[in-house]
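Visitor: Provide a 3D model corresponding to the input given below.
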Amino acid sequence: MNEKFTENIHVLDGSMAAALKEQGIDSTGELWTAQALSDNIEAVYDAHYSYLAAGAQMILTDTYQANLQAFEKAGHSKQQAENLVGMAVLMAQKARDDYEEQTGKHALVAASIGPYGAYLADGSEYRGDYLLNDAQYLNFHLPRLTAVLAQAPDCLALETQPKLSEPLALLRWLEKNVPQMPVYVSFTLRDEMTLSDGTELKRAVAAISKFEQVFAIGVNCIVPELVSGALKVMRQATTKKLIVYPNLGAQYDPETKTWAKSEQQLDFTQLTEKWYQAGASIIGGCCMTTSPQISQIATYFEQYQKVNV
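Guide: Below you'll find the model as predicted:
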C-alpha cells in the first residue's frame with residue numbers, strides 16, 4: 001500500500017466527548033458522543049473545526065459509538081441510523097474542506113470504527129471480556145462500515161480495540177472487499193506489553209502487520225505512562241508507522257460513563273518529543289484531551305520541521 005498519503009501527517013485530533021462537553025453537551029448516554037449527531041450536529045462540526053484550528057492533520061469522525069444497532073436501540077429506524085452515520089463522515093469532511101479553503105492546509109478524515117465492547121456501553125473496550133466469532137463480528141460491524149465507506153473517508157480507524165480477533169475479522173473482510181481503503185488499527189492495553197484481553201501486544205502487532213492496507217498500528221486511550229514502553233514493543237514487531245493517542249491519565253467509570261479527572265499536569269509538547277523519538281509517527285489525544293493538548297503536539301512538529309528543514 002502507498003503510505004505517502006500520510007507522509008506529512010503527524011498530528012491526530014483529541015477527544016470528541018471533551019470537545020462537546022466544552023460546548024455544554026452531555027455525552028454520558030448509551031450513544032455517547034453519537035447522540036450529538038441527531039441532537040447537536042453543529043456542535044460536532046465545531047468540535048472538528050476546533051481541532052483543525054489547533055493543528056490536527058487527521059480528524060476522526062464521530063462514529064466510534066455510532067453503530068446502527070445502538071441507534072435502533074435508541075429508537076431510530078434503520079434508515080435514520082444509516083443517515084446519521086453517513087452524516088458523521090460528511091460533517092468531518094465539511095469541517096476539513098472549510099478549514100482548507102480558509103487556510104490552505106489539508107487534513108485527512110479517518111472514519112472511526114469502535115469495538116463491539118463500546119456498543120455494550122459497560123467499559124468492555126477496556127477489558128475485552130467478550131467473545132464473538134468472525135461472522136458475529138461482521139454481523140455487528142458491517143452495517144456501520146458500509147455506511148461510512150459510502151461517504152469515502154480518507155481512511156478507516158479501527159480504534160480502541162481490546163482484542164486481536166475483532167480487528168482481524170474486519171481486516172479479512174476489508175482485504176477481500178475494499179483492499180484500496182487505508183486502515184490503521186489501535187489497541188487498548190492492560191500494561192505496556194499486553195492488550196486489554198491479555199493478548200501479547202507483540203503478537204497482535206505482528207498479526208496486523210501482515211495486512212498490506214494497514215498503514216499504521218498503535219495504541220490509544222491508555223495512560224500516558226504506558227506509551228513509551230508500548231512503542232518499544234511495537235517497534236520491534238513491525239515496520240509499519242506507529243500511532244499513539246493516550247488519554248489524560250484518567251480512570252473510566254462504566255456506571256456513570258464518565259472519566260475521573262487526573263491531577264497530572266502533562267506537557268504534550270515534551271511528551272510528543274519523547275514519543276516521536278521512540279518511533280511514533282502520528283500522535284494525538286484520546287479521552288479528556290482537548291485543543292490545548294493537540295496544539296502542544298502540533299507545536300512540537302512545527303518546531304521540529306523548522307530545525308530539520
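
Visitor: Grab the nearest non-local neighbour of residue 47.
Guide: In this structure, residue 47 finds its nearest non-sequential neighbour in residue 19, 3.6 Å apart by CB to CB, 6 or more residues apart in numbering. All C-beta atoms are positioned from the backbone trio N, CA, C, and that covers glycine.

Visitor: Next, work out how far apart that neighbour and residue 218 are.
Guide: 21 Å (CB to CB, to the nearest Å).

Visitor: Next: residue 87.
Guide: For residue 87 relative to residue 218 (CB to CB), the value is 27 Å.

Visitor: For this protein, which segments count as helices?
Guide: 16-21, 35-39, 41-54, 68-73, 78-103, 116-120, 134-149, 165-177, 201-209, 227-237, 268-277, 291-307 (DSSP state H).

Visitor: before we move on, the earlier item: quick one: which of residue 87 and residue 218 has more around it?
Guide: Ranked by neighbour count (other CB atoms under 10 Å), residue 87 and residue 218 place residue 218 first, with 27 against 21.

Visitor: For residue 159, see how far away that one is.
Guide: Residue 218 is 9 Å from residue 159, by CB to CB.

Visitor: Identify the contacts common to the two.
Guide: Overlap of the contact sets of residue 218 and residue 159 (by CB atoms under 8 Å, 6 or more residues apart in numbering) consists of 184-186.

Visitor: Narrow the residues you listed to those in strands?
Guide: Within the shared contacts of residue 218 and residue 159, residues falling in strands by DSSP state E are 184-186.

Visitor: how about JSON lines for the residues you listed, with pLDDT and neighbour count added?
Guide: Below are those laid out as JSON lines (pLDDT from 0 to 100; neighbours: other CB atoms under 10 Å):
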{"residue": "184", "pLDDT": "98", "neighbour count": "25"}
{"residue": "185", "pLDDT": "98", "neighbour count": "30"}
{"residue": "186", "pLDDT": "98", "neighbour count": "25"}
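
Visitor: ok, now which ones touch residue 237?
Guide: So residue 237 contacts 201-203, 205-206, 209 (CB under 8 Å, 6+ apart).

Visitor: Not counting sequence-adjacent ones, nearest residue to it?
Guide: Per CB to CB, 6+ apart, closest to residue 237 is residue 205, 4.0 Å.
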